[in-house]
Structure formats: structure tokens, C-alpha cells
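Visitor: Just the structure for this:
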Amino acid sequence: MLAFAARRLAVSLGLVWVVASLVFLVIHLIPGDPAELLLSQGGIAPDPAAVEDLRERLGLNQPLWTQYVAYMGGLLQGDFGLSLQDEHPIGEEIALRLPRTLELVGAAGVISLLFGLPLGVLAALRAGGMLDRALSAWAGLALSIPVFVVGTLTVLVLAQELRLVSAGGYVPLARDPARHLALLLMPAGTIAVGLGAVVFRVTRTAVLEVLERDHVRAAQARGVAPRTIIRRHVVRNALTPVVTVVALHLGSLLGGTVLVEFVFNWPGLSGYLVRAVEARDYPEVMGIVLVISALFVLLNFLVDLLYAVIDPRVRHG
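Guide: Numbers count the residues shown, from 1 in each chain. Predicted coordinates:
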């Protein structure tokens, strides 16, 4: 197990380095001078001397390879550089906003698993029946509705019409745990609607496939209790594709919660990324994209380890 984890960790670190290099090169190949854009006001061209002074202060006048070495050296020390807008440390802003996005995505993942997994198993065990058709219809509807529509309807019904919760916002957990969880529930539930439908569909398909395997049929022929078969043979073997799909979706949600964070005024990392792109603050963009990419790689590394726990044969693959 340790050798397997070491191999996967080495591959993951290599991927993070490749992503960091690609992000650096792509951002620097975008046309336009960041220093000139920052000093431009109202479409009036800035003073060339001021532009050159800013370029020198930000290190933009150095050769590309020199900037690359400095950037990678900073990353090794946990330094993402300074914002071009206010020269604020980018790492501090990311450290402030990242836990909020992780909390939002994590809560959505937990909610989607709590109802997607059992409903998927139940639908598979009642394949072709009324319950299966009803749940499949719900999943199709949930997947067809855009997330911002779900979020808007949630605010309209629960916040404005029924006045059960606030329309949105953020309160630190340490200040008011109850209000924090209440404000978290709506955006997390909005994301979980579509993600839960995906979990349901994958679980249903995986369980149906496992039910047809020889070892399950053999257990049924031996008279093993149905609950024991489902718990020991069916659900465990069906978890692998479910884990894969959930991990991929959670990884994509790390940078894809822009609309949800906007609708519910949740101050996470996605909103910070939009602001950085609009301002053409490429150090901020590089830092945010790199963190999201590294988290995606880390998530896949953890999934590989979970595979090894669920199915020991993976360790020797």
C-alpha cells in the first residue's frame, strides 16, 4: 500500500509542476501589457515612463525564463506573489476564500451522496417499477435545469415567499454557527440537486451491473439473505464508479461555483477568480488557477488511495 501511495504521489506532484508551468506560459502569452492596462484610465494612454517604472517594480521587464524561475521558487515557499491592483499578497486572499469554497463544495457532495446513493440502490432493486421510473424522471429533470435557475427559485420560494431563511450572505462559523449553517444550506443544496441526480444515475447503473455478476448470483443461490448480499457484495463493488464520478464533479465544482456564489452572495474563490480576470491581474489568475488545479490533482490522488482500499487489486495495477 505504501509503495502504491508513493507512486501515485510522485505522479501527482509531477502533474502539479506541469500545470504550474502551463499556467505561467499561457498567462504570459496573452496579448497586452498588464502595467499599461493598470495605468490606463478612461481610454487615455498612460505616461510611458510610468508604465516602464511599474514594469520594473513588478518584474515584468525581466526575461520570461527569469520570471519563470522566480515564480516557481516563490511557489516552493508558498508565495503566490502580489496583486497587480493593490500589491496585496495573493496567498492571503486565497487562504481566506478557499475554505469557503471547499466548505460549499464539500457540503454539496455530502448532501448529494446522502440521497443519491440510497435512491440509486433502491431504484436498481426495483428496476422497471413505478418507483424506478419516478426517480429516473426526477433525475432527468434535475439534470436539465441550470444551477442558476435552481438557485434563483430557491431564493424566491424559501427566502422571499416563505421567509424561512435569508436570501444569501456569509457569516463566519465561529461567530454564529447556526446562522452559518443556515446560509450554507441553500447554496450547497442548489449544487446538490444536479450532483445528486448524477450520483443516483451512476449508482443505479453500477448496482444493476453488479447484480448480474456470477458471485452475486452464487450468493443468491446459496440462500444468503438479500440484505447481506446488497451490503457485502453489491454496494461495495458498485462504489468504484460512484467515487470516480463524484470526485470528477467535485473537482470541476471547485472553480465552477461562480453562479452559485453570485446568486447567494457567498464570498468564495470563484468570485475572486472572476474579479481577477476582469482586472487582467494575471498573478491573481495564476495563483487561483494553480490552487484549483492542485486541489483537483490532490482529489484524484485521494480517489486512487480510496480505490486501493475498496479493491486491493488496484494496488498491483
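Visitor: residues of stretch 125-132 that come out buried?
Guide: In terms of neighbour count (16 or more other Cβ atoms under 10 Å), stretch 125-132 has its buried residues at 125, 132. To be clear about C-beta, it is placed using only N, CA and C from the backbone, and glycine gets the same treatment.
Visitor: So what would you say the end-to-end distance of that stretch is?
Guide: End-to-end distance of stretch 125-132: 9 Å, with Cα to Cα, to the nearest Å as the criterion.
Visitor: can you tell me the helix or strand for E36?
Guide: helix 34-39 (DSSP states H and E).
Visitor: could you say what helices and strands the helix or strand hosting A238 packs with?
Guide: Using DSSP H and E, the element containing A238 is helix 235-253. On a contact count with 3 or more Cβ pairs under 8 Å, 6 or more residues apart in numbering; DSSP states H and E, helix 235-253 meets helix 90-125, helix 177-211, helix 282-310.
Visitor: and of those helices, who's closest to Q220?
Guide: Q220 lies closest to helix 177-211 among the helices and strands packed on helix 235-253, at 9.2 Å (Cβ to Cβ).
Visitor: Report all helices and strands that the closest one contacts.
Guide: helix 90-125, helix 130-144, helix 147-154, helix 235-253, helix 258-263.
Visitor: Would you tell me which of these gets closest to E209?
Guide: Of the helices and strands packed on helix 177-211, nearest to E209 by Cβ to Cβ is helix 235-253, at 7.6 Å.
Visitor: quick one: buried residues of that closest one?
Guide: For helix 235-253, burial by neighbour count (16+ other Cβ under 10 Å) applies to 235, 237-240, 242-243, 245-247, 249-251, 253.
Visitor: go on, stretch 196-212?
Guide: By 16+ other Cβ under 10 Å, the buried positions in stretch 196-212 come out as 196-208, 210-211.
Visitor: dump the residue contacts of the closest residue to D304 other than its chain neighbours.
Guide: In this structure, D304 finds its nearest non-sequential neighbour in R8, 4.8 Å apart by Cβ to Cβ, 6 or more residues apart in numbering. Taking Cβ atoms under 8 Å, 6 or more residues apart in numbering, we find R8 in contact with 301, 304-305.
Visitor: Does R8 fall in a helix, a strand, or a coil region?
Guide: The three-state label given to R8 by DSSP: H, G, I helix; E, B strand; the rest coil is helix.
Visitor: if we can go back for a sec, adding distance to W17 and mean pLDDT, write the helices and strands packed on helix 177-211 out as JSON lines.
Guide: Output for the helices and strands packed on helix 177-211, formatted as JSON lines (distance: least, Cβ to Cβ, whole Å; pLDDT from 0 to 100):
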{"stretch": "helix 90-125", "distance to W17": "18", "mean pLDDT": "91"}
{"stretch": "helix 130-144", "distance to W17": "36", "mean pLDDT": "92"}
{"stretch": "helix 147-154", "distance to W17": "33", "mean pLDDT": "85"}
{"stretch": "helix 235-253", "distance to W17": "18", "mean pLDDT": "79"}
{"stretch": "helix 258-263", "distance to W17": "27", "mean pLDDT": "83"}
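Visitor: could those helices be laid out in a markdown table, adding distance to F4?
Guide: Listed next are the helices and strands packed on helix 177-211 as a markdown table, based on distance: least, Cβ to Cβ, whole Å:
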| stretch | distance to F4 |
| --- | --- |
| helix 90-125 | 25 |
| helix 130-144 | 35 |
| helix 147-154 | 36 |
| helix 235-253 | 16 |
| helix 258-263 | 36 |
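Visitor: Packing partners of the helix or strand just after the helix holding E36?
Guide: Tracing the chain C-terminally past helix 34-39 and defining elements by DSSP H and E, one meets helix 48-58 next. Counting contacts by 3+ Cβ pairs under 8 Å, 6+ apart, helix 48-58 is packed against helix 34-39.
Visitor: hmm, back to that, do you know how far the residue nearest to D304 is from L290?
Guide: 20 Å (Cβ to Cβ, to the nearest Å).
Visitor: Over to V11?
Guide: As judged by Cβ to Cβ, V11 and L290 stand 18 Å apart.
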